[in-house]
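> Could you look at this predicted model? Sequence included:
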Amino acid sequence: MSGDKSEQFDVYVRAQAARTLPDMKTNQSNDIDKHRVPTVSRVTADTLVELVYDRDKRATALVVSRFDGLWNIEQEVKIDTGEVLVPYAASNNLIVNECVLLPSRPVEYGSKDELVADIRSYLHRYVDLSPLFEHIAAYYVLLTWVHDAFNELPYLRLRGEYGTGKTRGLLTIGSLCYKPFFASGASTTSPIFHTLNAFGGTLVLDEADLPFSDARVELVKILNNGTVKGMPVLRTLQNRYKEFNPYAFKVFGPKIIATRAPFQDRALESRFLTEETGSRPLRPDIPIHFPNCHKDEALELRNRLLHFRLEAFASATDAVIRHGGAVAQYCCSEDIIEMPDQNRFHGSKTSTPTETYYSTLLHELTHWSGAPHRLDRQFGDRFGGKEHAFEELIAELGAAFLCSSLGITNEPRPDHAAYVAHWLEILDHDHRAVFTAASKAQEAVRYLAQLAALKLGPLSAFA
C-alpha cells in the first residue's frame, strides 16, 4: 500500500513539475523581456549607443562607443540600470519604407573641414541653392548630428511657390541629417508626434503651411516648442483603462521645412534660416531626377557623420592629446597628454597594437585627472618621497579599470599586473598601498565618466 502511495506521489510530483517548469521558464523569459528595451539612441555616463540599419542584409544593430573613441557593433548592450538595450526591428515600417534614414556603420570621416566640403559638394550636385545657404545648410547637417549638446536650435526653411525646388531641397539636405524623419503637412499629426518622441532626430517637413487645417495647428505646436529643450507638447491620450491621461511628447530637435508663405506668428517666423526658392533660373547641371547612385552617396556621408558624432562624444573630457611624440606622457606644466602616433604601437603576447595604444592613453588620462585643478591628488609625506611610484600605481590601476569597463579587454592583462608589481616593489611591498591606489583609481574613473556625462549631458535628451 505504501509502495502504491509512493508511486502515486512520484507521478504527482512529476506532473506538477511538468506544469511548473514551463511556467518558470515563461516567467523568467518575461522578466528578461521586461528589461529588453528597443533602442534608437541612448547615452549613459561613458557610453553612446546608436541604431544602424544594413539595407542589403535588412538587419538592424547597435553601434556602441565609449568616451575613449572605441566602437563596435552589437545586438544587445547591458547598461548599469539593468536594462538590456536591443535594436529596433528591421521590419519596422519607418525603417523599411525609408521614412527614417539611418547609417549602416561608422566610417572614418577624415577632418571636419573635409567632411563639410564633401557635404557641400553633395548638396551642390543635387539642389540649386544660393552659395550662402548652401554653406549654411552644410554646417546645419553637421549640427544635427550633435544637436543634443545644445539647449536651443534654429530651423532651416525653403520658401517659395510650387515647382521651385523646395521638395528637392528637403530630400537632398534631409538625407544627410541625423535620423531624418520625412513627413508632410498633409499627414495626420499623431504619427509625427510619436515618431519624434521615439526616434528623435531631424524632422523634414514638406507643405508645412497647409491653410485652414487642424493639422497645421498641431504642427505649429511642434515648431513653437521644438526649438528649446525642455518644452514638450502635452497631448491627452487614453490609457488601457479608458482614462484620459496627459502625455508629454518630446519635440526638441533640428527641423527642415518647406512652406509657400511666411507664418503669421512673428516669434515663430524668427526661428528660421530661410532660402527663397524660384528667384533665379535653375542651374543647368542639376539633374531633373535623382540618379540611382544618390542614395549610396548619402549613406556614405551618413556613415561618416555617425563617426563624427562618436568622436564628438569621445572628446568629451576636453583633454588635449598631442600625437607625434617619442614617448607617452602627461605633461603637467602644459596640461597636455603626449602620445606617439598609433601606428608606432606594437602588439605582444598579451595585447593587440590597438589594445596597447588605448591602454597607454588611458594610463596617461588617469594621470591627467589628478591635476591640481581637477582631482588634485596629493599624498603628503606618507610615501617618503615615493609619491611618483604611488601615482604610477594609481594610473596603471585606472587604465586596467577603464580597459575593462570600456570593453578594450574583458580580463586583467598580464602586463598590467607586471607593471603594478613593479611599482609595488618600489613601495617596499606596502600592500595597503594597493587598496588606497585602487580607491584613488576608481575616483579617477568616476571623475572621467562624470566629466563626459556633464560635457555631453544634453545628449541624453532622447534616452
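Cool, got the structure.

> Tell me which stretches of the stretch 301-450 of the chain form helices.
353-369, 387-405, 414-426, 432-455 (DSSP state H, counting those that start in this stretch).

> send the alpha carbons of the longest one over as PDB?
This means helix 432-455. The C-alpha trace of helix 432-455 is given here as PDB (Å, rounded to 0.1, in the frame of the first residue of the first chain):
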ATOM      1  CA  ARG A 432      47.900  48.600   1.900                       C
ATOM      2  CA  ALA A 433      49.000  51.000  -0.900                       C
ATOM      3  CA  VAL A 434      47.100  48.800  -3.400                       C
ATOM      4  CA  PHE A 435      43.800  49.500  -1.600                       C
ATOM      5  CA  THR A 436      44.500  53.200  -1.400                       C
ATOM      6  CA  ALA A 437      45.600  53.300  -5.000                       C
ATOM      7  CA  ALA A 438      42.600  51.300  -6.100                       C
ATOM      8  CA  SER A 439      40.300  53.800  -4.300                       C
ATOM      9  CA  LYS A 440      42.100  56.700  -6.000                       C
ATOM     10  CA  ALA A 441      41.900  55.000  -9.400                       C
ATOM     11  CA  GLN A 442      38.200  54.400  -9.000                       C
ATOM     12  CA  GLU A 443      37.800  58.000  -8.100                       C
ATOM     13  CA  ALA A 444      39.600  58.900 -11.400                       C
ATOM     14  CA  VAL A 445      37.400  56.600 -13.400                       C
ATOM     15  CA  ARG A 446      34.300  58.100 -11.900                       C
ATOM     16  CA  TYR A 447      35.600  61.600 -12.500                       C
ATOM     17  CA  LEU A 448      36.300  60.900 -16.200                       C
ATOM     18  CA  ALA A 449      32.900  59.300 -16.600                       C
ATOM     19  CA  GLN A 450      31.100  62.200 -14.900                       C
ATOM     20  CA  LEU A 451      33.100  64.700 -16.900                       C
ATOM     21  CA  ALA A 452      31.900  63.000 -20.100                       C
ATOM     22  CA  ALA A 453      28.300  63.000 -18.900                       C
ATOM     23  CA  LEU A 454      28.500  66.600 -17.800                       C
ATOM     24  CA  LYS A 455      30.100  67.800 -21.000                       C
END
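
> Show me what the mean pLDDT comes to for it.
The pLDDT scores in helix 432-455 average 76.

> how distant is that helix from the center of its chain?
Computed by CA atoms, centre = their mean, to the nearest Å, the separation of helix 432-455 from the middle of its chain amounts to 24 Å.

> Mind checking the helices of the stretch 301-450 of the chain for the one nearest to residue 144?
helix 432-455 (19.2 Å; CB to CB). For the C-beta atoms, the positions are set from N, CA and C on the backbone; glycine is no exception.

> Would you mind giving the orientation angle of the closest one with respect to helix 387-405?
Going by axes from the mean of the first three to the mean of the last three CA atoms, to 10 degrees, helix 432-455 is angled at 60 degrees with respect to helix 387-405.

> what helices or strands is helix 432-455 leaning on?
helix 353-369, helix 387-405, helix 414-426 (3 or more CB pairs under 8 Å, 6 or more residues apart in numbering; DSSP states H and E).

> can you redo those helices as a markdown table with mean pLDDT and mean neighbour count?
Below are those laid out as a markdown table (pLDDT from 0 to 100; neighbours: other CB atoms under 10 Å):
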| stretch | mean pLDDT | mean neighbour count |
| --- | --- | --- |
| helix 353-369 | 85 | 21 |
| helix 387-405 | 81 | 22 |
| helix 414-426 | 59 | 15 |
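
> Residue 442: which of the ones you listed is closest?
helix 387-405 (6.7 Å).

> Can you spell out which helices and strands pack onto the closest one?
helix 353-369, helix 414-426, helix 432-455.

> Surely residue 256 and residue 153 touch.
No. Residue 256 is not in contact with residue 153 according to CB atoms under 8 Å; the separation is 11.4 Å.

> more neighbours, these two?
Ranked by neighbour count (other CB atoms under 10 Å), residue 256 and residue 153 place residue 256 first, with 27 against 19.

> Check the secondary structure at the more buried one for me.
Secondary structure state of residue 256, per DSSP: H, G, I helix; E, B strand; the rest coil, is strand.

> ok, for it, nearest residue in space, not its chain neighbours?
In this structure, residue 256 finds its nearest non-sequential neighbour in residue 156, 4.4 Å apart by CB to CB, 6 or more residues apart in numbering.

> try residue 44
residue 79 (5.4 Å).

> From residue 37, how far out is the one you found?
Distance, residue 79 to residue 37, by CB to CB, to the nearest Å: 9 Å.

> anything in contact with each of the two?
Residues within reach of residue 79 and of residue 37 at once, by CB atoms under 8 Å, 6 or more residues apart in numbering, are residue 85.

> where in the stretch 1-150 of the chain is pLDDT low?
1-34, 45-46, 66-69 (pLDDT under 70).

> What segments of it are strands?
36-39, 41-43, 47-54, 59-66, 71-74, 77-78, 84-87 (DSSP state E, counting those that start in this stretch).

> Can you say which of these is nearest to residue 354?
Ranking the strands of the stretch 1-150 of the chain by their distance to residue 354 (criterion: CB to CB) puts strand 71-74 first, at 11.5 Å.

> Show me what that closest one packs onto, helices and strands only.
So strand 71-74, by 3+ CB pairs under 8 Å, 6+ apart, packs with strand 59-66.
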